[in-house]
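K.L.:
With the sequence up front, the predicted model follows.
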Amino acid sequence: MTGGSYKEDIVSLAADKGGRFTLPLLVGAALLSAGVIFWAVGDWALGAGFAVTIFGLGVLLHLFRPTAHSIATVREVAPDWTVARMTADMSGMALAVTDQSGRLVCASDLYGEWFPGYPAPPSLPLDRDGAALLAEIGRTAWRDGEAQCTGLARGALKLEVKATRTGRSDDYLLWHFRPVRQVSLTEEFTRMVTGEVGTQLGDAGLMAAIIGAEGRIRGTNGAFVLRAAGRMDADLTGRDLAGYFRRDEEGRIFFAREAPGMLPIAIFRVLLRADQPDGPALILLVDQPGNMAASGSSLSYFQALLALLPFGLAMTDRDGRLLFVNDSFARAANVQDGHLPAYPGDLVVAEDQAALAAAVRRYAVGPQMTGDIAVRLRNRPEETVAFSLAGVRGLGEAAVILTLKDDNEESRLKRQVAQATKMQAVGQLAGGVAHDFNNILTAIIGHCDLMLMRHTPGDSDYDDIQQIKSNSNRAASLTRQLLAFSRQQTLRPQVLQLPDIVADVSNLLKRLIGEKVKLEVSHGRNLGMVRADPGQIEQVIVNLAVNARDAMPEGGTLRIQTFTISAAQVREMRSTVLPPADYTGLRISDTGTGIPPDLLPKIFEPFFTTKEVGKGTGLGLSTVYGIVKQSGGYIFAESVPGQGTSFVIYLPVHVAGAEEKQAATIRTPPARRTSWGTGTILLVEDEDMVRAVAERALTRQGYKVLTASDGEQGLEALKQAGKVDLLLSDVVMPNMDGPAMVREARAMHPDLPILFMSGYAEEQLRKSIDIDNVSFLPKPFSVAQLSEAVADAFTGSAASEDTGDGAQS
């Protein structure tokens, strides 16, 4: 409300068409409230006052209610163009906004700079019929929502415009003016020469440059830069083109930086505009062949010279075609006589052909320079070889010399060294695993032996204990095979029967050869005993069986036979290698592919293998040969290609002496001794489980046992004990190891006998245990082996004392 009396307000309220029932309702509500108050209180004055209050509040609420007119007024508030203009200025574009009447309502500052006075777009002062085009664009944009046009101009300013219908009710047009940059013909050619087109020209042997009317360089391709400046990163823009050339007395043109004797070049000038003979131009350059007769003669002489060199050389022309290869190159690249390939790329795998072809073209057209590229030959795709390339000039068609080193033998030696290094690492890992496993097996086997001492065959637990020990012995054989694989086994020759070794290794062989290969085993009668290390003989059988499996990829039969051969039969063989004697033979044969006769004499050579790269070390058969010879035996190979191969091993029969006794093995049952041991033994072992079983076993034999868990504790116990008859110690221990402890103990007791035990092989520990009057017991060991080793150590000590006393006497 803007003013007036209360009476006028009441009249307007009564006259309001939208509220014609409002006044009667307010009067009725006031009377009703007055009646309620009078009935409740009984006071007419209070009721009348309350009625007047109700009537007044109702009038006020009705007069100040929102109306449709006021809401429409809020909705029709004009937009704030200040924000829109600031946004347009920050964009850096020429923008304008017009309403439906064509009136300019907002524009950026750039629009004002281009068109002073801010005229509306349809009224802009453009050249020719530009204003009519803008008016048509405006009509099209109002109709279709968007329209655009190019080719508008205002003097030197070339424009394109786009109009878009916008706004909350699509009641405005947004005009976007954008300048059109005119690219000159010189700039367009410069862009092509310095881009992909220039690269293709260079690959084709053409050097290219764009020069302006003043003769200065605007742009070049890579081939020109390399030849003119000698390096790809040189910037020749703005330089005088003529400064990069020189003429000789015959008028031929050469690059100024190149030495005399190089090929001359031919220059072609192509005008960019035919009506401007002194204007910008495209310069194309190509090598001239020169005197072909002289070049051909020098090329023939050069080829004859290259043929005599001991390393691989080849020549190509500028197009990358092979012209010549010498014998060393042909041998290294496997080029057959009379079958010279057309391009060097035909010698390499498909993935490397494009890179080699591009390198040959680059060296053919650039300056005289050299470089290398790594590729894989088609005949040796698994190896990377290096092609050395050198650009040459003045040899007629020859443009590039390629060098390939024949390093087949060197590569083979590198593979062998790498494979041997890998096998050494695997062997060290196998030795470490075997050491830890041997400690566990020593405890298991020892406890089984201690329990077997308390049981006799027929007891309910005897068979179960025996089965546990049997399985532990099988596990011990696995550790021996790990050590044999790593060639770290302790050499322990024993008198044995070959069928026993074959039986022990049969389960492993069945897993190794797979389901496709059938294993057949047969044994002869009256086989003589042989003296050998069982672990080594197992390794011989495993190696030969694995080779036989690999020779039968489709399956076949592997036969293992043992037989006896007398001295008389050896004489009948008339062998120049096998001396007459009684032998026990072992034949391992397969039905595989066989070995070619020319390779048969080489199979026992170290690192010789016929398997693929990465599938063979070349050490299997050489290891077999060494083991057999170390055991005093002989091995022969017999093979028929396509039918199979047989390896025959002859081991001399061992004749036992009258006083020789069979040494205890891991399978020997614990002895029930009739005589008890006497003396004090200091046992030093860091593994609790091994120390516990050894202490119990020696205590049961009658020895007094002192224990310690490392070398420092062992020395302390030795000082406190006073007299110790034997020091039984592990080799590898924390803090102070066994050999260090023994050296300090010998300083106190020079004649103290020492017995080392270890899960590592004796060969590995030979340097650290190189101490006088020491014995070695490899783990795992049984109670019987431990008892025998301790007894032998006492016996050896007593014998040395007797010898010393006799010497004194």
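P.N.:
Looks like it arrived, so ask away.

K.L.:
and the closest residue in space to residue 590 that isn't next to it in sequence, what is it in contact with?
P.N.:
Excluding the flanking residues, the one nearest residue 590 by CB to CB, 6 or more residues apart in numbering is residue 548, at 3.6 Å. Using the backbone N, CA and C atoms, a C-beta is placed for each residue, glycine as well. The contact partners of residue 548, by CB atoms under 8 Å, 6 or more residues apart in numbering, come to 513, 517, 558, 588, 589, 590, 592, 645.

K.L.:
Beta-bridge partners for the fifth one, please?
P.N.:
The one in question is residue 589. On the basis of DSSP bridges, residue 589 takes part in beta bridges with residue 559, residue 646.

K.L.:
count of residues packed around it?
P.N.:
Residue neighbour count, defined by other CB atoms under 10 Å, stands at 20 for residue 589.

K.L.:
Enumerate every residue touching it.
P.N.:
548, 558, 559, 561, 644, 645, 646, 647.

K.L.:
quick check, nearest of the contacts of residue 548 to residue 743?
P.N.:
Residue 743 lies nearest to residue 588 out of the contacts of residue 548, by CB to CB, at 47.2 Å.

K.L.:
Give me the distance between that closest one and residue 551.
P.N.:
As judged by CB to CB, to the nearest Å, residue 588 and residue 551 stand 12 Å apart.

K.L.:
And the spatially most central residue of the chain, how far from residue 349?
P.N.:
Geometric centre of the chain, nearest residue: residue 382, 16.2 Å, by CA atoms, centre = their mean. To residue 349, residue 382 is 10 Å away according to CB to CB.

K.L.:
Quickly list what's touching both of those two.
P.N.:
residue 376.

K.L.:
which SS class is the residue nearest to residue 590?
P.N.:
For residue 548, the secondary structure call by DSSP: H, G, I helix; E, B strand; the rest coil comes out as helix.

K.L.:
Got the confidence number for residue 279?
P.N.:
For residue 279, the pLDDT comes out at 84.

K.L.:
So what's the residue count around it?
P.N.:
15.

K.L.:
That one contacts residue 273, correct?
P.N.:
Yes - using CB atoms under 8 Å, residue 279 is in contact with residue 273, at 5.3 Å.

K.L.:
Show me the contact partners of stretch 435-454.
P.N.:
Taking CB under 8 Å, 6+ apart as the rule, stretch 435-454 contacts 461-462, 465-466, 468-469, 472-473, 475-476, 479, 666, 669-670, 672, 687, 689-690, 692-694, 696-697, 700, 732, 758-760, 778-784, 786.

K.L.:
Oops, could you answer that again for stretch 205-215 instead?
P.N.:
186, 189-190, 193, 198, 201-202, 217-221, 223-224, 227-228, 236, 240-242, 265, 276, 278-287, 318-319, 361, 364-365.

K.L.:
Also stretch 150-158?
P.N.:
Contacts of stretch 150-158 (CB under 8 Å, 6+ apart): 114-115, 124-128, 130, 133-134, 159-161, 179-182.

K.L.:
Just the buried ones from those residues?
P.N.:
115, 124, 126, 130, 133, 134, 159, 161 (16 or more other CB atoms under 10 Å).

K.L.:
on that earlier part again, redo the contacts of residue 589 as JSON lines? Include pLDDT.
P.N.:
Putting those into JSON lines (pLDDT from 0 to 100) gives the following:
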{"residue": "548", "pLDDT": "90"}
{"residue": "558", "pLDDT": "93"}
{"residue": "559", "pLDDT": "94"}
{"residue": "561", "pLDDT": "95"}
{"residue": "644", "pLDDT": "91"}
{"residue": "645", "pLDDT": "92"}
{"residue": "646", "pLDDT": "93"}
{"residue": "647", "pLDDT": "93"}
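
K.L.:
What is the nearest of those residues to residue 496?
P.N.:
Of those, the one sitting nearest to residue 496 (CB to CB) turns out to be residue 561, at 17.4 Å.

K.L.:
which stretches of the stretch 501-650 of the chain form helices?
P.N.:
534-550, 567-573, 620-630 (DSSP state H, counting those that start in this stretch).

K.L.:
which one of those has the most crowded surroundings?
P.N.:
helix 534-550 (a mean of 22; mean count of other CB atoms under 10 Å).

K.L.:
tilt between that helix and helix 620-630?
P.N.:
150 degrees (axes from the mean of the first three to the mean of the last three CA atoms, to 10 degrees).

K.L.:
any idea how far helix 534-550 is from the chain center?
P.N.:
34 Å (CA atoms, centre = their mean, to the nearest Å).

K.L.:
how about the CA coordinates for it, as CSV?
P.N.:
Extracted C-alpha coordinates of helix 534-550, given in CSV (Å, rounded to 0.1, in the frame of the first residue of the first chain):
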residue,chain,number,x,y,z
PRO,A,534,75.0,-94.6,-4.0
GLY,A,535,74.1,-90.9,-4.4
GLN,A,536,76.3,-90.6,-7.5
ILE,A,537,75.0,-93.8,-9.1
GLU,A,538,71.4,-92.5,-8.5
GLN,A,539,72.4,-89.3,-10.3
VAL,A,540,73.8,-91.3,-13.2
ILE,A,541,70.5,-93.2,-13.6
VAL,A,542,68.4,-90.0,-13.3
ASN,A,543,70.5,-88.0,-15.9
LEU,A,544,70.4,-90.8,-18.4
ALA,A,545,66.6,-91.4,-17.8
VAL,A,546,65.9,-87.7,-18.4
ASN,A,547,67.8,-87.6,-21.6
ALA,A,548,66.0,-90.7,-22.8
ARG,A,549,62.6,-89.0,-22.0
ASP,A,550,63.6,-86.0,-24.0
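
K.L.:
if we can go back for a sec, could I get the contacts of residue 548 as TSV with distance to residue 93?
P.N.:
Output for the contacts of residue 548, formatted as TSV (distance: CB to CB, whole Å):
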residue	distance to residue 93
513	81
517	82
558	86
588	89
589	91
590	85
592	82
645	86
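
K.L.:
closest to residue 749 among these?
P.N.:
Using CB to CB, those come closest to residue 749 at residue 588, 52.0 Å.

K.L.:
now for the buried ones among the contacts of stretch 150-158, which pair is the farthest apart?
P.N.:
115 and 133 (15.1 Å).

K.L.:
Could you check the pLDDT of the residue nearest to the centre of the chain?
P.N.:
pLDDT, read off for residue 382, is 75.

K.L.:
For it, grab phi and psi.
P.N.:
phi -80, psi -10 (degrees, to the nearest 10).

K.L.:
Quick check: residue 622 vs residue 547, distance?
P.N.:
Counting by CB to CB, the gap from residue 622 to residue 547 is 12 Å.

K.L.:
Let me fix that, I meant to ask about residue 218.
P.N.:
72 Å.

K.L.:
For stretch 101-111, output the C-alpha coordinates as PDB.
P.N.:
Extracted in PDB, the C-alpha atoms of stretch 101-111 (Å, rounded to 0.1, in the frame of the first residue of the first chain):
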ATOM      1  CA  SER A 101      14.400  -6.500 -32.000                       C
ATOM      2  CA  GLY A 102      18.000  -6.600 -33.300                       C
ATOM      3  CA  ARG A 103      19.200  -4.200 -30.600                       C
ATOM      4  CA  LEU A 104      22.700  -4.700 -29.200                       C
ATOM      5  CA  VAL A 105      22.400  -5.400 -25.500                       C
ATOM      6  CA  CYS A 106      26.000  -6.600 -24.700                       C
ATOM      7  CA  ALA A 107      29.400  -6.800 -26.400                       C
ATOM      8  CA  SER A 108      33.100  -7.400 -25.600                       C
ATOM      9  CA  ASP A 109      35.800  -4.800 -25.800                       C
ATOM     10  CA  LEU A 110      37.400  -6.600 -28.700                       C
ATOM     11  CA  TYR A 111      34.200  -6.200 -30.600                       C
END
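
K.L.:
Show me what the mean pLDDT comes to for that stretch.
P.N.:
On average, stretch 101-111 scores 88.
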